[in-house]
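A.B. asks: Got a predicted structure here, sequence first:
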Amino acid sequence: NFRLAIAMDTDIQKCFRDKTIFATGATGFVGKVVIEKLLRTTQVNRIYILVRPKRGVPIRERVTTLLRDPLFEVLLKSKPDALQRICPIAGDCLEPDLGISEADRNLLTSETQIVIHGAATVRFNEPLHLALAVNTRGTRLMIQLAKDMKHLEAFVQISTAFSNCVASNIEERFYPEHLACSSEKVLAINELMSDKLLDKMESALLGSFPNTYTYTKALAEDVIRREAGDLPLCIFRPAIIIATYKEPVSGWIDNFYGPITILLGVAKGVLRIAPVQKEAQLSVVPVDFCANMILACVWKIIKDNHDSQSGLRQKKDLPIYQLAPDPGNPITSKDFIRHSLDGRQTCPSTKQIWYPFIVCLANPWLFPIAAFFFHTLPGYLMDLALRLTGRRPRLVKIYRKVHKTLSILGPFAMKSWSFELRNAHRLWELMSLEDRRLFNFDMASMDWKEYFTNALLGMRTYLAKEPPTPESIAQGLRLTNVLKILHYSLMVLLFCAAGCISWKVINLII
């Protein structure tokens, strides 16, 4: 039976059979999907995951709580004992040597064969000293740890396609020319200065980078370029990561980052205006495609090293793989908005405060004025109504957060980027048909309408915590119809009022 199971394995499954893996960022959005995929489709020996300790909470208990997520339901039905293969390692990327004890470090260096480094802070407005410590210094410490691993076969660094967003056409290469100072110099400065002083240097260090996230991820890539040496390593650069497409469940998501903020805001009738260039190309990818490509990258690294040792091919430069919408199957901001508004009929929220609609402004200078009339003024009026009925006002506070988020996302909603995908296409072509089915990341085959139908329902279920039952959706439809009547009635009243005022002004002038 064992021999038969091995014979039935695909190339990628064989690559992971009986392997020991060390994963950082495993408690995050991408990390959880990678762990679930590994446990569901491969026979790994053990997965060590780096978990930040919390006072009074054993790390094993944190893992148990984490794995109660609906994401793992399919796995636990088919493999109830799969989670026993997860072994938490106490650590913190903010600490020296990643906060890993000497005993655990010895364990990792003696057993680990595959490293997937995904630990990062993804907040765009994170203070520079924190983003630098986690995203850049953390990567250097992981490289140092990997160099001590006696049986290392593959190391995948999860970066971002926007680590070099100061360029419009991003190739599968390093971009040291975009950095005002090298990673080596910046990390040396970090050691000498206080956190407060370093944060004051943010604008000087960032240069053309729009935020600390993209900047510190660019520095992390520079660390790898300078310090990785002969490690069997590749860099994976995904575009903006959003909900699952197909597996293990459609539409699963656990965070409010990126475009999902806009989707949720529109669905609830809170967000009505946004600084968006409708014709801009939207660079988004589903998280399950990211997990699949990460595992395919591991297979490719191991395959290339085996081939080079066998003399079948020469060792080449460190490979970089980018995942973004295929040029033959793009999606624009206009498409994104249209699909998001489809949710008014397919899966409307039962918690709407107004009829969902959105006005896209290509001119960022007009946004503050329009936001006052579409958001701030209605927010004050609704908060006044809440006060008068004895309830706590909350809309003005929500709109402040919304506007702050939109200002952060603004640079990515007003511009298009193109990404070289040559390495990704070559990787796909090398995979067997069975591996392509099991580890699909073919963006050319994406059905965007189907995707957003599932993503909207997933957002409603997993973020808004509204049950995906026919009764709940019917309740949402009834509310949508009522709000639609109110919305268009108000529009008629406003147009009539504007017409009357215009008529009176014209009569006064004449």
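C.D. replies: Arrived safely. Numbering: from 1, shown residues only.
A.B. asks: Show me which helix runs longest in this structure.
C.D. replies: Counting by DSSP state H, the longest helix found in the chain is helix 470-509.
A.B. asks: Buried residues, that helix. List them.
C.D. replies: Across helix 470-509, burial judged by 16 or more other C-beta atoms under 10 Å covers 472-473, 476-477, 479-480, 483, 487. C-betas here are computed from N, CA, C, even on glycine.
A.B. asks: How about the contacts made by Pro411?
C.D. replies: By C-beta atoms under 8 Å, 6 or more residues apart in numbering, the residues touching Pro411 are 165, 210.
A.B. asks: ok, back up a step: so can I have a markdown table of the buried residues of helix 470-509 showing pLDDT and distance to Leu75?
C.D. replies: Shown next, in a markdown table, are the buried residues of helix 470-509 (pLDDT from 0 to 100; distance: C-beta to C-beta, whole Å):
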| residue | pLDDT | distance to Leu75 |
| --- | --- | --- |
| Ser472 | 95 | 26 |
| Ile473 | 94 | 27 |
| Gly476 | 94 | 30 |
| Leu477 | 95 | 34 |
| Leu479 | 95 | 36 |
| Thr480 | 94 | 35 |
| Leu483 | 94 | 39 |
| His487 | 92 | 43 |
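A.B. asks: what about the strands in the stretch 151-300 of the chain?
C.D. replies: 154-158, 169-170, 233-238, 240-242, 273-275, 284-286 (DSSP state E, counting those that start in this stretch).
A.B. asks: Please compute how far the third one lies from its chain's middle.
C.D. replies: This means strand 233-238. Centre-to-centre, strand 233-238 and its host chain are 15 Å apart (C-alpha atoms, centre = their mean, to the nearest Å).
A.B. asks: what's the closest of the strands of the stretch 151-300 of the chain to Thr136?
C.D. replies: Closest to Thr136 of the strands of the stretch 151-300 of the chain is strand 154-158 (C-beta to C-beta; 11.8 Å).
A.B. asks: Convert the closest one to CSV, retaining C-alpha atoms only.
C.D. replies: Extracted in CSV, the C-alpha atoms of strand 154-158 (Å, rounded to 0.1, in the frame of the first residue of the first chain):
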residue,chain,number,x,y,z
ALA,A,154,14.6,24.7,-0.6
PHE,A,155,13.8,28.2,0.8
VAL,A,156,10.9,30.3,-0.5
GLN,A,157,10.9,34.0,0.4
ILE,A,158,7.4,35.4,0.2
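A.B. asks: partners of it in the sheet?
C.D. replies: Using DSSP bridges, the strands paired with strand 154-158 are strand 114-117 (parallel), strand 233-238 (parallel).
A.B. asks: pLDDT (mean, whole number) over the first one?
C.D. replies: So the one you mean is strand 114-117. The average pLDDT for strand 114-117 rounds to 97.
A.B. asks: ok, now stretch 370-378?
C.D. replies: Mean pLDDT, stretch 370-378: 91.
A.B. asks: how about it: buried residues?
C.D. replies: For stretch 370-378, the neighbour count (16+ other C-beta under 10 Å) marks 370-371, 374-376, 378 as buried.
A.B. asks: thinking again about what came up before, highest average neighbour count across the strands paired with strand 154-158?
C.D. replies: strand 114-117 (a mean of 27; mean count of other C-beta atoms under 10 Å).
A.B. asks: Check the offset of stretch 446-453 from the chain's centre.
C.D. replies: Distance, centroid of stretch 446-453 to centroid of chain: 18 Å (C-alpha atoms, centre = their mean).
A.B. asks: Run through who's touching that stretch.
C.D. replies: Residues contacting stretch 446-453 (C-beta under 8 Å, 6+ apart): 245, 286, 325-326, 329, 331, 335-336, 339-340, 342, 346-347.
A.B. asks: buried sites along it?
C.D. replies: Within stretch 446-453, the residues that count as buried by 16+ other C-beta under 10 Å are 446, 448, 451-453.
A.B. asks: Need the residues you listed in JSON lines (columns: distance to Ser432, pLDDT and secondary structure).
C.D. replies: JSON lines is the format used below for these (distance: C-beta to C-beta, whole Å; pLDDT from 0 to 100; DSSP: H, G, I helix; E, B strand; the rest coil):
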{"residue": "Met446", "distance to Ser432": "21", "pLDDT": "93", "secondary structure": "coil"}
{"residue": "Trp448", "distance to Ser432": "27", "pLDDT": "94", "secondary structure": "helix"}
{"residue": "Tyr451", "distance to Ser432": "25", "pLDDT": "94", "secondary structure": "helix"}
{"residue": "Phe452", "distance to Ser432": "30", "pLDDT": "92", "secondary structure": "helix"}
{"residue": "Thr453", "distance to Ser432": "30", "pLDDT": "91", "secondary structure": "helix"}
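A.B. asks: ok, so of these, who is nearest Ile21?
C.D. replies: Taking the buried residues of stretch 446-453 together and measuring to Ile21 by C-beta to C-beta, the closest member is Met446, at 28.2 Å.
A.B. asks: Switch the buried residues of stretch 370-378 over to CSV; also include secondary structure.
C.D. replies: Shown next, in CSV, are these (DSSP: H, G, I helix; E, B strand; the rest coil):
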residue, secondary structure
Ala370, helix
Ala371, helix
Phe374, helix
His375, helix
Thr376, helix
Pro378, helix
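A.B. asks: farthest-separated two in those residues?
C.D. replies: Greatest spatial distance in the buried residues of stretch 370-378: Ala370 and Pro378, 12.1 Å, computed using C-beta to C-beta.
A.B. asks: Contact partners for Ile89?
C.D. replies: Ile89 is in contact with 22, 48-51, 100, 104, 107-108, counting by C-beta under 8 Å, 6+ apart.
A.B. asks: all helices for the stretch 51-200 of the chain, in order.
C.D. replies: In the stretch 51-200 of the chain, the helices defined using DSSP state H, counting those that start in this stretch lie at 59-66, 73-78, 102-111, 128-131, 138-147, 183-192, 195-200.
A.B. asks: Select, out of those, the one closest to Asp222.
C.D. replies: Among the helices of the stretch 51-200 of the chain, helix 183-192 comes nearest to Asp222, with 3.9 Å by C-beta to C-beta.
A.B. asks: Okay, buried residues for the closest one please.
C.D. replies: By neighbour count on 16+ other C-beta under 10 Å, the buried set for helix 183-192 is 183, 186-187, 190.
A.B. asks: low pLDDT regions in the stretch 1-150 of the chain?
C.D. replies: Scanning the stretch 1-150 of the chain with the threshold set as pLDDT under 70 gives 1-7.
A.B. asks: Now Arg46. Nearest residue, chain neighbours left out?
C.D. replies: Thr20 (4.9 Å; C-beta to C-beta, 6 or more residues apart in numbering).
A.B. asks: how about that neighbour, phi and psi?
C.D. replies: The phi/psi pair for Thr20 (degrees, to the nearest 10) reads phi -110, psi 130.
A.B. asks: Now do it against Thr112, distance only.
C.D. replies: Remark: distance between Thr20 and Thr112 (C-beta to C-beta, to the nearest Å) = 6 Å.
A.B. asks: Overlap in contacts, those two.
C.D. replies: Joint contacts of Thr20 and Thr112 (C-beta under 8 Å, 6+ apart) are Tyr48.
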